[in-house]
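>>> Predicted structure and sequence below. I'll ask about it afterward.
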Amino acid sequence: MLKHKNKYYQYFLLTLALAGGILTLSSCSNEEKEDNILSAQPLGFEFSTQDESGVTAKKSRATAESGELISSIGMSCYTGFWDNNTSLPDFFYNEEIVYQGSNKWQTTSSYLKPATGTKRRFFAYYPYVSPTEDVLHNLTISAADAAGSPTIDYTIPANVADQQDLMVGWTDEDAFGAAFDVVHMKMYHMMTAVRFTIDESVPAGYIRKISIDNVADGGHFVYDDELKWNSVNSTLASYSLERDIRTGVGSKVELNADEVFMMMPQYLNDKSVVTITYDNGQVFTLSSSLDGKEWERGKLVTYNIKISSLFKLSLETTIEPWVDGDTFNWTSGY
């Protein structure tokens, strides 16, 4: 009888041992999953802008008075050896990169780090386009299943205040290290900023309207080292500001940041003109040709409006780099 009890007792001990082993394995498995979850973290970035000559110049329309960018940055990450025919944004696609302060940025989502030595490339654009809501007016990025260098298609909005300070940036191929590092990226302005000032010599009255007529309305960009639009739309459009700008006030009048035209870089032809409506009790429509001029990427073109006694419009032109040699911590305005 005792022997029989020992046999069952042994079975009981064996059952307990097996159950304990199963619990231990389950616990280890759960811990391993927890560790993986806990090791997932956001990626960090720092951004700067500078023109090719290194000249620090005018500030960007893209910032608020606080110095922060008005919007987030969009980014995709490609892993593996770069192949312009087959590489895909397989690590993340159109991730929103948000500002954390002190020029520190990070992904909104957390990620598990790929194996050390895994090749990678990052491609960024500003402003970020939400996948669920097109609030950024006519900006389209290439799809997640489009292989090779990403692309951007942009059509300039009719409303000047909605026109985007479009910027792009990317990194050369490098590799993930033993831990997530802070990725440094240079961003480049892809538009031409066109602003107007009213000369102090303009007689007393009002400028009711300023328009830029018959210029390209958008283009197609492929990320590459040439930093230029691959094609500019053949469709021509006109863009205008309707304001009551008082003249003859004894000093030059400068328009606000949201009254700066964000135009496609392009060569201008004999159809391209600036037209103003001037009212001194009698209304005059005055035009000045832009034929033969070039608007370059990343430049701020200022047209100082003058009206002669014969009510002839002339434009005094200033062109300067429109970039910042430090970081995105600048104030708005031109």
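Everything's here; your move. Numbering: from 1, shown residues only.
>>> Without its sequence neighbours, what residue ends up closest to the residue nearest the centre of the chain?
Centroid-nearest residue in the chain: Y126, 1.0 Å away (criterion: Cα atoms, centre = their mean). Leaving aside its chain neighbours, Y126 sits nearest to M167 (4.2 Å; criterion: Cβ to Cβ, 6 or more residues apart in numbering). Backbone N, C-alpha and C define where each C-beta goes, glycine included.
>>> ok now do that neighbour, which residues does it touch?
Counting by Cβ atoms under 8 Å, 6 or more residues apart in numbering, M167 touches 49, 62, 125-126, 187-190.
>>> follow-up on the earlier one: I'd assumed H189 was in contact with the residue nearest to the centre of the chain.
No: judged on Cβ atoms under 8 Å, Y126 makes no contact with H189 at a distance of 9.5 Å.
>>> what touches both of these two?
165-167.
>>> Let me have those residues in TSV, adding secondary structure as columns.
Listed next are those as TSV, based on DSSP: H, G, I helix; E, B strand; the rest coil:
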residue	secondary structure
D165	coil
L166	coil
M167	strand
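>>> rewinding a little: least confident pick among the contacts of M167?
Minimum pLDDT for the contacts of M167 is recorded at A62 (53).
>>> Any regions of the stretch 1-150 of the chain where pLDDT drops low?
Applying pLDDT under 70 to the stretch 1-150 of the chain picks out residues 1-38, 50-70, 132-137.
>>> I'd like to know which of the contacts of M167 are part of strands.
In strands, defined here by DSSP state E, the members of these are 49, 125-126, 187-189.
>>> and the residues you listed, which two are the farthest apart?
Spatially, the most separated pair among the ones in strands among the contacts of M167 is T49 and Y125, at 13.3 Å (Cβ to Cβ).
>>> element containing the nearest residue to N94 once chain neighbours are set aside, please.
Among residues not flanking N94 along the chain, G74 sits closest, at 5.5 Å (Cβ to Cβ, 6+ apart). Per DSSP states H and E: G74 is located in strand 73-79.
>>> Tell me which other helices or strands that strand touches.
Where contact means 3 or more Cβ pairs under 8 Å, 6 or more residues apart in numbering; DSSP states H and E, strand 73-79 is packed against strand 44-49, strand 92-101, strand 119-126.
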